[in-house]
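Chemist: No sequence on hand, only this structure:
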């Protein structure tokens, strides 16, 4: 991960690990090998020649180890699916998959998001995960599930509740939005919303731990009296009103991912469930003026065209 990011801070975030602990692990590895793998300065990190030689074979060794462990464990015919939170889009997919394949035993997990997906999947903790795919991951297959519009949760006496839809610019100023409340608030969500709000020069309120569950969200709204950015599938929260965000319409791209070498009837049921929900609800249609997170090498914002484009 450090070799991919060339930055200890970003690598530690992707691994959900303290930067100091990651640096200590790298030092231990270098001491054990008797050679330096990374050159570090206060401004940059780069692979040494030994680090470049080690990287490819190390990845191959880890892949062989993971494959062997999966084969030896002879995992049972159950499927563990991370649906992020109750009532959200992934939970709707799992609900439909259970209807399609009643003979499959699915186990739902919550609040894990898509990270650290490599470790969780290789260890067998997860079989399938939902989230925002930032970069392709080796050994995984993926399916785009839904382009879900982002909404805002408002105190029921907030002035913006008078609007049927809230322009993004209306969330600027002293009433800065919160985006760390809700079961959907994973690392992928955090990254996307920061991109969105930076594009509109809105300074979000984020100086608190993640808030989970509708009861805690209701308390958070009561205490802070600020708008909360969330999904359109946000379960009801007491004393709040949900409104779509427009101008632009920000989109969260849900993606389902699973191990490429995993064969299980539940995978087929989940994929069929996605296909049916897309056909029934136009989940992959985009409204005019939709905002998707930057995907180009320049980081330019992608703005969708007509519906279905």
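Modeler: Cool, got the structure. Remember, predicted model here, so these are calculated numbers, not experimental data. Numbers count the residues shown, from 1 in each chain.
Chemist: going forward, measure contacts between C-alpha atoms and count neighbours the same way
Modeler: Will do.
Chemist: Helices along the protein, start to end?
Modeler: 2-5, 8-15, 19-33, 49-73, 89-100, 117-122, 187-199, 214-224, 265-281 (DSSP state H).
Chemist: got CSV for the ones you listed, with mean neighbour count too?
Modeler: CSV is the format used below for the helices of the chain (neighbours: other C-alpha atoms under 10 Å):
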stretch, mean neighbour count
helix 2-5, 15
helix 8-15, 17
helix 19-33, 13
helix 49-73, 12
helix 89-100, 19
helix 117-122, 18
helix 187-199, 17
helix 214-224, 16
helix 265-281, 18
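Chemist: how close does residue 24 get to residue 12?
Modeler: 12 Å (C-alpha to C-alpha, to the nearest Å).
Chemist: Ok, residue 125 next?
Modeler: 21 Å.
Chemist: What's the local residue count around the residue nearest to residue 156 when sequence neighbours are not counted?
Modeler: Nearest non-adjacent residue to residue 156, counting by C-alpha to C-alpha, 6 or more residues apart in numbering: residue 240, 4.5 Å away. Residue 240 sits with 20 neighbouring residues when counted by other C-alpha atoms under 10 Å.
Chemist: ok, residue 240 - contacts?
Modeler: Contacts here follow C-alpha atoms under 8 Å, 6 or more residues apart in numbering; on that basis residue 240 touches 153, 154, 155, 156, 218, 221.
Chemist: Try it again at 6 Å.
Modeler: By C-alpha atoms under 6 Å, 6 or more residues apart in numbering, residue 240 lies in contact with 154, 155, 156.
Chemist: Which residues does it form beta bridges with?
Modeler: residue 155 (DSSP bridges).
Chemist: Dig out what the closest residue to residue 244 other than its chain neighbours forms beta bridges with.
Modeler: Leaving out its chain neighbours, the residue that sits closest to residue 244 by C-alpha to C-alpha, 6+ apart is residue 151, at 4.2 Å. Residues in a beta bridge with residue 151, per DSSP bridges, are residue 230, residue 244.
Chemist: Make 839 the first number, not 1, from now on.
Modeler: With 839 as the first residue, the last one maps to residue 989.
Chemist: isn't residue 989 right up against residue 1070?
Modeler: Yes: if you go by C-alpha atoms under 6 Å, residue 989 and residue 1070 touch, sitting 5.4 Å apart.
Chemist: Pick out whichever of those two has more residues nearby.
Modeler: residue 989 (25 against 18).
Chemist: which stretches of this protein have low pLDDT?
Modeler: 908-915, 949-962, 971-976, 1011-1013, 1037-1039, 1041, 1043-1044, 1133-1147 (pLDDT under 70).
Chemist: if you set the cut-off to 80 instead, what comes out?
Modeler: By pLDDT under 80, the weakly predicted segments of the chain are 852-854, 901, 904-915, 949-963, 971-977, 1010-1014, 1036-1046, 1132-1147.
Chemist: How many residues are close by residue 1084?
Modeler: Using other C-alpha under 10 Å: residue 1084 sits among 19 other residues.
Chemist: how near is the residue lying closest to it once chain neighbours are set aside to residue 990?
Modeler: Counting by C-alpha to C-alpha, 6+ apart, residue 1084 lies nearest to residue 1005, which is 4.7 Å off, once chain neighbours are set aside. Using C-alpha to C-alpha, one gets 10 Å for the distance from residue 1005 to residue 990.
Chemist: Between those two, point out the one with more neighbours.
Modeler: Shown here are residue 1005 and residue 990; by other C-alpha under 10 Å, residue 990 has more neighbours (26 against 16).
Chemist: The more buried one: what's it in contact with?
Modeler: With C-alpha under 6 Å, 6+ apart, residue 990 has these contacts: 1066, 1067, 1068, 1080, 1081.
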